[in-house]
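1. My questions concern the predicted model and sequence given below.
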Amino acid sequence: MSIDLSLSNLINVVFIAAGIGICGMSFMHVSSGMHIRKEAKKYFRLFFTLINIYLTMHFFRMLMEGHTAPFYYYGIRTVTFVEFLVSGFMIYMLSLLIIFIAQPGKLGRIINMVFLALLVVHLIGLIVAQFTHFYYYFDEMNFYQRGRGYALSNVMHIIMLFQNIFLLSKYRYKFDKRLFSALWIYLLAPLGAIAVQMLVQDIQFIILMTVISAAYLCYVIIQIQTEKYELQQKEKQRLDTELTMATKIQAETLPSIFPAFPDREDFNIYASMKPAKEVGGDFYDFFLIDEKHLGLVIADVSGKGVPAALFMMVSKILIQNCALIGYEPSKVLELVNQQICANNPERMFVTVWYGCLDLETGKLKAANAGHEYPMLKTPDGHFSLVKDKHGLVIGAMANKKYREYELQMDPGAKLFVYTDGIPEATDANNELYGTDRLVEALRANEDKKPNEILPAVTSSVESFVKEAPQFDDMTMLCIEYKGIK
């Protein structure tokens, strides 16, 4: 097999080789683009595959021209048919890209239907061209010749290009400036090449212009995608920094220095919080209301992350403020509920257990707003649940009343309060840690000090869940009442 080595054919071979090389590099560039969306990768892979088919079919036509054997007779007609057909789909792919970015709504669906109708007309025209000499034909030596209606074979391409120009002009405000320019180049360069090629038959200007403008369009889109990814990474780093600061601020709002009251010998207290995310919605608190009374709080805000943390800080401040005035536990919860319900558009809520311990008598007054049951160990007994009366969670409904109850803590008694992140910790088989295991862990360590009991419970939970992720905050508080000596 030989190829015509005329100047025009040599130029066309150079154009085709350059086109295939550019398409190949563009294909690899798209495939290796780590930050390109999968949809964009698929689109451009198909796009450059179509261009390569177009170039390859044109090159095969050049190789087959001048040969009259039956194989070449049918082969040159087949590859020419595929070449012309693929050229229509190449323009249609550009149309899909513009419609996707412009999002013209109902108009986009209508234009897409017009595009598809034009493709059907294009296909019918190519089929008819196989039996007539209207579009193109091959002479007795199988050389490609233009027919009287050759110009009409480009009408579909020109109509689709002008439709794309209309879309691009109408919805230009939706396009990045660089992408807008690249699309214009892709539209006008082949259009100009079609006009030149209608005058100069032998040199295929449209091949090179199509490939170069397509490669540039691809390059611009990849560059835009990469820049967006880099901006997203910078924003992520900024958010991570802010979350780190939020975690630090939240931790600093909770009592975290132990021993908390080194000059007090009548009680020993310890607490901990392990958030499921960078910041959590659980909180604990303890504070001296006066020299004879100690306030104790354990709470769990609905939700996770920053919103829950903000709600947590508001709730904590309100509870402490009401408690420091000296209100009874039931009244504290009632007042806090009223204040939160008065301005709670997001309908968040918080479960709260609040107790006030009389450090002289060991009498503990407490109220529960939908929180977990506390656990009490008497001096000569074991840890066990205190099934107190639950009220409605804070923030759910205004004007709610809360029941108050009393517990007697004699010297040596210990109280353990916690959030549901402990009993609801889940292993890989979706089995809950449960209250029973919590009681067992507490009883196994009940003779220890509070600052030893909490790490032991944490260790027990972690041994149970193993590698399973933590889904909820885990917060605990333990106090040992020693009494006045």
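-> Yes, it's here.
2. where along this structure do the strands fall?
-> Taking DSSP state E, the strands of the chain run over residues 136-138, 144-146, 267-274, 282-290, 293-301, 350-358, 363-369, 375-377, 384-385, 404-408, 413-418, 474-481.
3. Would you mind getting the angle between the fourth one and strand 267-274?
-> Here strand 282-290 runs at 160 degrees with respect to strand 267-274, directions being taken by axes from the mean of the first three to the mean of the last three Cα atoms, to 10 degrees.
4. Distance from the chain centre to strand 282-290, please.
-> 38 Å (Cα atoms, centre = their mean, to the nearest Å).
5. Convert the C-alpha atoms of stretch 423-442 to CSV, please.
-> Extracted C-alpha coordinates of stretch 423-442, given in CSV (Å, rounded to 0.1, in the frame of the first residue of the first chain):
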residue,chain,number,x,y,z
PRO,A,423,-24.0,3.0,76.9
GLU,A,424,-24.7,3.5,73.2
ALA,A,425,-21.1,2.9,72.0
THR,A,426,-21.3,0.4,69.3
ASP,A,427,-18.9,-2.3,68.1
ALA,A,428,-18.4,-3.5,64.5
ASN,A,429,-21.4,-5.9,64.8
ASN,A,430,-23.7,-3.0,65.8
GLU,A,431,-23.9,-4.3,69.4
LEU,A,432,-24.3,-1.7,72.1
TYR,A,433,-22.0,-1.4,75.0
GLY,A,434,-25.1,-1.0,77.2
THR,A,435,-25.9,0.0,80.7
ASP,A,436,-25.1,-3.5,82.1
ARG,A,437,-21.5,-3.4,80.9
LEU,A,438,-21.2,0.1,82.3
VAL,A,439,-22.4,-1.1,85.8
GLU,A,440,-19.9,-4.0,85.6
ALA,A,441,-17.0,-1.7,84.7
LEU,A,442,-17.9,0.7,87.6
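6. can you list contacts of that stretch?
-> With Cβ atoms under 8 Å, 6 or more residues apart in numbering as the contact definition, stretch 423-442 has outside contacts at 372-373, 375, 377, 383-385, 416, 418, 422, 453, 456-457, 460-461, 464-468, 470-472, 474. C-beta here means a position set from N, CA and C on the backbone, and glycine is covered the same way.
7. quick one: buried residues of it?
-> By neighbour count with 16 or more other Cβ atoms under 10 Å, stretch 423-442 contains the buried residues 423, 425, 426, 433, 435, 437, 438, 439, 441, 442.
8. Equivalent analysis for stretch 106-121, please.
-> Those would be 108, 111, 112, 115, 118, 119, for stretch 106-121 by 16+ other Cβ under 10 Å.
9. ok, residues contacting that stretch?
-> With Cβ under 8 Å, 6+ apart, stretch 106-121 has contacts from 88-89, 92, 95-96, 99, 102, 104, 156, 159-160, 163, 167.
10. what's around residue 379, how many residues?
-> Using other Cβ atoms under 10 Å, the number of residues around residue 379 comes to 12.
11. for it, what are its contacts?
-> 410, 411, 412, 413.
12. and if you look at residue 196?
-> Contacts of residue 196 (Cβ under 8 Å, 6+ apart): residue 205.
13. export the contacts of stretch 106-121 to a markdown table and tack on pLDDT, neighbour count and distance to residue 184?
-> A markdown table is the format used below for those (pLDDT from 0 to 100; neighbours: other Cβ atoms under 10 Å; distance: Cβ to Cβ, whole Å):
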| residue | pLDDT | neighbour count | distance to residue 184 |
| --- | --- | --- | --- |
| 88 | 81 | 22 | 21 |
| 89 | 84 | 15 | 21 |
| 92 | 82 | 19 | 18 |
| 95 | 80 | 22 | 15 |
| 96 | 81 | 14 | 17 |
| 99 | 82 | 20 | 16 |
| 102 | 79 | 20 | 14 |
| 104 | 83 | 17 | 18 |
| 156 | 73 | 21 | 21 |
| 159 | 79 | 16 | 18 |
| 160 | 77 | 22 | 15 |
| 163 | 80 | 19 | 14 |
| 167 | 82 | 20 | 12 |
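14. got any ranges where this structure has weak pLDDT?
-> For the chain, the stretches with pLDDT under 70 are 1-9, 30-37, 191, 194, 197-204, 247, 277-280, 485.
15. which residues in it form helices?
-> 7-32, 38-64, 70-102, 106-129, 150-153, 155-170, 177-199, 205-253, 305-325, 329-342, 434-444, 450-465 (DSSP state H).
16. What is the distance between the fifth one and the centre of its chain?
-> Which is helix 150-153. In terms of Cα atoms, centre = their mean, the centre of helix 150-153 is set 49 Å apart from its chain centre.
17. That helix - contacts with which helices or strands?
-> With contacts taken as 3 or more Cβ pairs under 8 Å, 6 or more residues apart in numbering; DSSP states H and E, helix 150-153 sits against helix 106-129.
18. Can I get the helix it packs on in PDB? Just the C-alpha atoms.
-> C-alpha atoms of helix 106-129 as PDB (Å, rounded to 0.1, in the frame of the first residue of the first chain):
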ATOM      1  CA  LYS A 106     -36.600  24.100  29.100                       C
ATOM      2  CA  LEU A 107     -34.800  25.900  26.300                       C
ATOM      3  CA  GLY A 108     -31.900  23.500  26.800                       C
ATOM      4  CA  ARG A 109     -34.100  20.500  26.300                       C
ATOM      5  CA  ILE A 110     -35.600  22.000  23.100                       C
ATOM      6  CA  ILE A 111     -32.100  22.800  21.700                       C
ATOM      7  CA  ASN A 112     -30.900  19.300  22.600                       C
ATOM      8  CA  MET A 113     -33.800  17.800  20.700                       C
ATOM      9  CA  VAL A 114     -32.900  20.000  17.700                       C
ATOM     10  CA  PHE A 115     -29.300  18.800  17.900                       C
ATOM     11  CA  LEU A 116     -30.500  15.200  17.900                       C
ATOM     12  CA  ALA A 117     -32.800  15.800  15.000                       C
ATOM     13  CA  LEU A 118     -29.900  17.400  13.100                       C
ATOM     14  CA  LEU A 119     -27.700  14.300  13.800                       C
ATOM     15  CA  VAL A 120     -30.500  12.100  12.400                       C
ATOM     16  CA  VAL A 121     -30.700  14.300   9.300                       C
ATOM     17  CA  HIS A 122     -26.900  14.100   9.000                       C
ATOM     18  CA  LEU A 123     -27.000  10.300   9.200                       C
ATOM     19  CA  ILE A 124     -29.700  10.100   6.600                       C
ATOM     20  CA  GLY A 125     -27.700  12.400   4.300                       C
ATOM     21  CA  LEU A 126     -24.600  10.200   4.700                       C
ATOM     22  CA  ILE A 127     -26.600   7.100   3.900                       C
ATOM     23  CA  VAL A 128     -28.100   8.700   0.800                       C
ATOM     24  CA  ALA A 129     -24.500   9.900  -0.200                       C
END
